[in-house]
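>>> Let's see this in three dimensions:
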Amino acid sequence: MKQKEQENKVFIAMNKAFVKVHLPSKNGERTYNRAILPNGTTIDGTDRGGFVFYPLYVNEAASNPNLYRMPFLKDRMVQLHRGDQMVEVTPEALRDALNARHQQYLRERTQQQEGRESVKKEEPTFDWENKSFSEYVREFTIEKLETLESGSEIMCFNDELTEKLIEYDRALGSISSNPEESMQFIARHFMEAKKTHDWLKEREELPVPDINPFDDPEQFHLAMVEKGMEELLQESEFMQSHGEERMCLDKATLKRLKQDLEPKGKGRSFEKRKETEQEMELP
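As a prediction, the model looks like this:
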């Protein structure tokens, strides 16, 4: 009987970073679970990144402490929500899409690592070498915005944008090829590491022992870049003009953000100055 029940179920595994458990309802009378699909999760040819679903049961995965395991009945559709949109998918389609997205990420990371290993010795070993911290963060942020441009539109508030840009990196806890690279990055930008240490303590996201970069250099490396991205995005005229408004990250918005983040003399301010100079030359 128990075996037959198992055969009628589909089990979906997701990284804990994408799943929130025991969230309180508005009236506080019950709790619920919520999972969000990472960008690039394609179902039936459509990117469903940013859509959420509400699993009834969420359990720890015995094989991997970083995963949650969620059971679904095979004959019940799963509803995916984002804003006013709602689509229904089969549990199998959802499971296969999440597995495919994870495999795609692993392939991209492997290719990136292989590319680094094939670089000539006289060239920089890592993409952050021979760059200031601000230059590296600026290029990293623009690359992430370009990645979002290829996906579906996303709604978010200002203070959620950085998390949207690096949500998959946060789930994996790393943006480097290995802990040794992260240690080199931290040492190269020691003053930024000190500021990040203080920033994490103020946010109280991690207990003090876990903030030590020697305990988890890859996680700390990621936190340094996240802090830099937040500060950089706060300088954007577009972000400042929207305040606490919810915004749609469509292609036009992402293009404007990229223009704001370009170095002075190459971005929006340069183009505006050029237009003004041309107008002044008119008879």
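
>>> hey, let's count contacts and neighbours off CA atoms from now on
Noted.

>>> Figure out the helix or strand that residue 257 lives in.
With elements taken from DSSP states H and E, the one containing residue 257 is helix 251-261.

>>> lowest confidence element among the helices and strands of the chain?
Between all helices and strands in the chain, the lowest mean by mean pLDDT, DSSP states H and E belongs to helix 268-281, at a mean of 41.

>>> rewinding a little: contact partners of the helix holding residue 257?
138, 142, 145-146, 148-149, 153, 232-233, 236-239, 267-268 (Cα atoms under 8 Å, 6 or more residues apart in numbering).

>>> Now go through those and say which are in helices.
In helices, judged by DSSP state H, the following of the contacts of helix 251-261 are found: 138, 142, 145-146, 148-149, 232-233, 237-239, 268.

>>> Mind putting the residues you listed into CSV with distance to residue 201?
Converted to CSV, the ones in helices among the contacts of helix 251-261 look like this (distance: Cα to Cα, whole Å):
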residue, distance to residue 201
138, 24
142, 27
145, 28
146, 31
148, 30
149, 33
232, 20
233, 21
237, 29
238, 29
239, 26
268, 36
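
>>> Can you say which of those are buried?
Judged by neighbour count, with 16 or more other Cα atoms under 10 Å as the criterion, the buried members of these are 138, 142, 145-146, 148-149, 232-233, 239, 268.

>>> I'd like the distance between the residue nearest to residue 168 when sequence neighbours are not counted and residue 185.
With Cα to Cα, 6 or more residues apart in numbering as the criterion, residue 168 has its nearest non-adjacent residue at 6.5 Å, and that residue is residue 38. The gap separating residue 38 from residue 185 is 27 Å, by Cα to Cα, to the nearest Å.

>>> Poorly predicted segments of the stretch 101-250 of the chain, please.
For the stretch 101-250 of the chain, the stretches flagged by pLDDT under 70 are 115-126, 150-153, 204-212.

>>> all strands for it, in order.
In chain order, the stretch 101-250 of the chain shows strands spanning 155-156, 247-248, with DSSP state E, counting those that start in this stretch as the criterion.

>>> how about the helix holding residue 257: buried residues?
Residues of helix 251-261 classed as buried under the neighbour-count rule (16+ other Cα under 10 Å) are 251, 254, 256-261.

>>> which helix of the chain spans the most residues?
Of all the elements of type helix in the chain, the one with the most residues (DSSP H) is helix 91-118.

>>> If you count contacts, what does it end up packed against?
Secondary structure elements in contact with helix 91-118, counted by 3 or more Cα pairs under 8 Å, 6 or more residues apart in numbering; DSSP states H and E, are strand 9-15, strand 42-43.

>>> Residue 67 reaches residue 19, doesn't it?
No - in terms of Cα atoms under 8 Å, residue 67 does not count as a neighbour of residue 19; the distance is 9.2 Å.

>>> buried residues in stretch 70-77?
Those would be 70-73, 77, for stretch 70-77 by 16+ other Cα under 10 Å.

>>> Export only the CA atoms of that stretch, formatted as CSV.
Extracted in CSV, the C-alpha atoms of stretch 70-77 (Å, rounded to 0.1, in the frame of the first residue of the first chain):
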residue,chain,number,x,y,z
MET,A,70,8.5,18.4,-1.8
PRO,A,71,5.9,15.7,-2.7
PHE,A,72,3.1,16.3,-5.3
LEU,A,73,0.4,14.0,-6.5
LYS,A,74,0.8,13.0,-10.1
ASP,A,75,-2.8,13.6,-11.0
ARG,A,76,-2.9,17.1,-9.6
MET,A,77,-1.7,20.2,-11.5
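
>>> Could you check how far residue 240 is from residue 234?
If you go by Cα to Cα, the gap between residue 240 and residue 234 works out to 7 Å.

>>> just to revisit the earlier point, can I get the helices and strands packed on helix 91-118 in JSON lines with distance to residue 82, mean neighbour count and mean pLDDT?
Shown next, in JSON lines, are the helices and strands packed on helix 91-118 (distance: least, Cα to Cα, whole Å; neighbours: other Cα atoms under 10 Å; pLDDT from 0 to 100):
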{"stretch": "strand 9-15", "distance to residue 82": "19", "mean neighbour count": "18", "mean pLDDT": "94"}
{"stretch": "strand 42-43", "distance to residue 82": "15", "mean neighbour count": "18", "mean pLDDT": "95"}
